[in-house]
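*Asks:* Whatever this is, show me its structure:
(chains A and B)
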Protein chains: 2
Amino acid sequence: MARSGDFVDVRVQRSKAAVLAQTYELLSAGGIGGVSIDEVARRSGVSKTTIYRHWPSRAALLIEACSTIGSAPPVPDTGSFGSDLVALAEALAEQLRSARWAAVLPSIVDAAEREPELAGLHADLHARLMAPFGVVTERARARGELAADRGPADVTAAVAGPLFYRRWFSREPLDAAFVARVAEDALGHLGV
Amino acid sequence: MARSGDFVDVRVQRSKAAVLAQTYELLSAGGIGGVSIDEVARRSGVSKTTIYRHWPSRAALLIEACSTIGSAPPVPDTGSFGSDLVALAEALAEQLRSARWAAVLPSIVDAAEREPELAGLHADLHARLMAPFGVVTERARARGELAADRGPADVTAAVAGPLFYRRWFSREPLDAAFVARVAEDALGHLGV
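*Replies:* Residues are numbered from 1 along each chain as shown, chains lettered A, B, ... in the order given. Next comes the predicted model:
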């Protein structure tokens, strides 16, 4: 009996993994709008009934698939706020140029504008991707390198703002000179 | 004969206007992803065949409908670069809080990531919305108020970047204090 139970469980795990893998593929290729349960079922070979047994809605499936899509840039620890900002800006720019999440995030931002369930997904992903800014800012504060009236939200907006703007809105290249200038300017008004 | 020709022409103009109006409605409510030719036909009462006679593709229809969706913030002319930046940041923040295009732009950014025809639409809309930054920057340059190594692209990234970031990514409120600080910080590193 135990053996038969294990077997069923392995089969369920395999189906779930196949569904998540196909959702992730569709998401990477076409954004949130590219994911339909019909297409996930067709590609994974798992029936729609089974998919809906595991995830009550398309949003629930998207939330689980997105939980693995973005890994934050590494947290630098160079010993100074200025060098940490440069390292963070460079790492973020590199991800914006090539990471999978960079092509998918606009579709998640768009979904967050109209679907409350997906706004939660967006908030979680955003918090995860921007977490290193919080760590760097708190270290700078502890060392007395941060202007008294500034906090993590200002630091993130000052660095990620211009980089995001250039990646998705003006669509200009994120060249090294621009990235260095963004970090330098941010230090100019956020540092003491 | 002239009268009959006029009549046909008026009818064509009415059909086209109805199609564009419904496309605009769907776009405002659901972003680019919310616009299908089927739904536009159903709502406007204009047949798909007729729609495709006027616009060869969904992209062509979207391009014409979007050409009216965003009006740029007004161009300030206060006489100084600093006050112009404050006025521009405030006007842009106000549009981000309430203008129709602010809810639609993420879907256009997403479409631009994957559909070349819609990347052109995005580029046109972006250029129109950001044009006042170019005017303000060139005036500042003529008055000798702009740092020698900076140009319109830097000014736009420094002001629009943090505002866009906050509107669509961190989704924090665009309060007056934040907007004022963005303009002040930008002047700090862009002015002479």
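*Asks:* Before we go further, A:Val19 is sitting in a helix, right?
*Replies:* Yes: A:Val19 sits within a helix when classified using DSSP: H, G, I helix; E, B strand; the rest coil.
*Asks:* Just confirm it contacts A:Arg43, I think it does.
*Replies:* No: because the distance of 9.1 Å does not satisfy C-beta atoms under 8 Å, A:Val19 is recorded as not touching A:Arg43. Glycine gets a C-beta too; all of them are placed from N, C-alpha and C.
*Asks:* With neighbour numbers in mind, choose between the two.
*Replies:* Neighbour tally, A:Val19 and A:Arg43, criterion other C-beta atoms under 10 Å in any protein chain shown: the higher count belongs to A:Val19, 24 against 15.
*Asks:* I'd like the distance between that one and B:Tyr24.
*Replies:* If you measure A:Val19 against B:Tyr24 using C-beta to C-beta, to the nearest Å, the figure is 37 Å.
*Asks:* Pop the domain breakdown of chain A in here.
*Replies:* Using automatic domain parsing, the domain parsing of chain A gives A:2-66, A:81-190.
*Asks:* Distance from the chain centre to the last one, please.
*Replies:* From the chain centre to the centre of domain A:81-190 is a distance of 11 Å (C-alpha atoms, centre = their mean, to the nearest Å).
*Asks:* Ends of it, what's the gap?
*Replies:* With C-alpha to C-alpha, to the nearest Å as the measure, the first residue of domain A:81-190 is 10 Å from its last.
*Asks:* Quick check: which of the domains of chain A is nearest to chain B?
*Replies:* Set against chain B and scored by C-beta to the nearest C-beta, the domains of chain A come closest in domain A:81-190, at 3.6 Å.
*Asks:* does any bit of that closest one sit next to chain B?
*Replies:* Yes: using C-beta under 8 Å from any C-beta of the partner chain, domain A:81-190 reaches chain B at A:103, A:106-107, A:109-110, A:112-114, A:119, A:122-123, A:126, A:130, A:153-154, A:156-158, A:160-166, A:168-172, A:178, A:181-182, A:185, A:188-189.
*Asks:* for the spatially most central residue of chain A, helix, strand, or coil?
*Replies:* For chain A, the residue nearest the mean C-alpha position is A:Gly70 (3.8 Å; C-alpha atoms, centre = their mean). Three-state assignment for A:Gly70 (three-state DSSP): coil.
*Asks:* helices and strands of chain A: which one has the lowest mean pLDDT?
*Replies:* Ranked by mean pLDDT, DSSP states H and E, the weakest helix or strand in chain A is helix A:2-30, scoring a mean of 84.
*Asks:* Alpha carbons only: can I get the very next helix or strand once past that one in PDB?
*Replies:* Toward the C-terminal end, the helix or strand that comes next after helix A:2-30 (DSSP states H and E) is helix A:37-44. These are the backbone C-alpha positions of helix A:37-44, laid out as PDB (Å, rounded to 0.1, in the frame of the first residue of the first chain):
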ATOM      1  CA  ILE A  37      -4.400  27.000 -19.300                       C
ATOM      2  CA  ASP A  38      -5.300  25.500 -22.600                       C
ATOM      3  CA  GLU A  39      -1.800  25.900 -24.000                       C
ATOM      4  CA  VAL A  40      -0.200  24.800 -20.700                       C
ATOM      5  CA  ALA A  41      -2.400  21.600 -20.900                       C
ATOM      6  CA  ARG A  42      -1.500  21.000 -24.500                       C
ATOM      7  CA  ARG A  43       2.200  21.300 -24.000                       C
ATOM      8  CA  SER A  44       2.500  19.500 -20.700                       C
END
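*Asks:* How far off centre is whatever helix or strand comes next after helix A:37-44?
*Replies:* Using DSSP H and E, the next helix or strand after helix A:37-44 towards the C-terminus is helix A:48-54. Relative to its parent chain, helix A:48-54 has a centroid offset of 26 Å by C-alpha atoms, centre = their mean.
*Asks:* ranking the domains of chain A by burial, who's on top?
*Replies:* Each of the domains of chain A was scored by mean neighbour count; the highest is domain A:81-190, a mean of 20, by mean count of other C-beta atoms under 10 Å in any protein chain shown.
*Asks:* and the residue nearest to the centre of chain A, what pLDDT?
*Replies:* If you check A:Gly70, the pLDDT there is 76.
*Asks:* quick one: low-confidence parts of chain A?
*Replies:* Low-confidence regions of chain A, defined by pLDDT under 70, span residues A:1-6.
*Asks:* one more time with 50
*Replies:* Regions of chain A meeting the criterion pLDDT under 50 cover residues A:1.
*Asks:* Give me the contacts around the helix or strand hosting A:Ala186.
*Replies:* Element membership for A:Ala186, per DSSP H and E: helix A:176-190. With C-beta atoms under 8 Å, 6 or more residues apart in numbering or on different chains as the test, helix A:176-190 has contacts from A:81-82, A:85-86, A:88-90, A:93, A:146-147, A:150, A:154-155, A:158-159, A:162-163, A:166, A:172, B:154, B:157-158, B:185, B:188-189.
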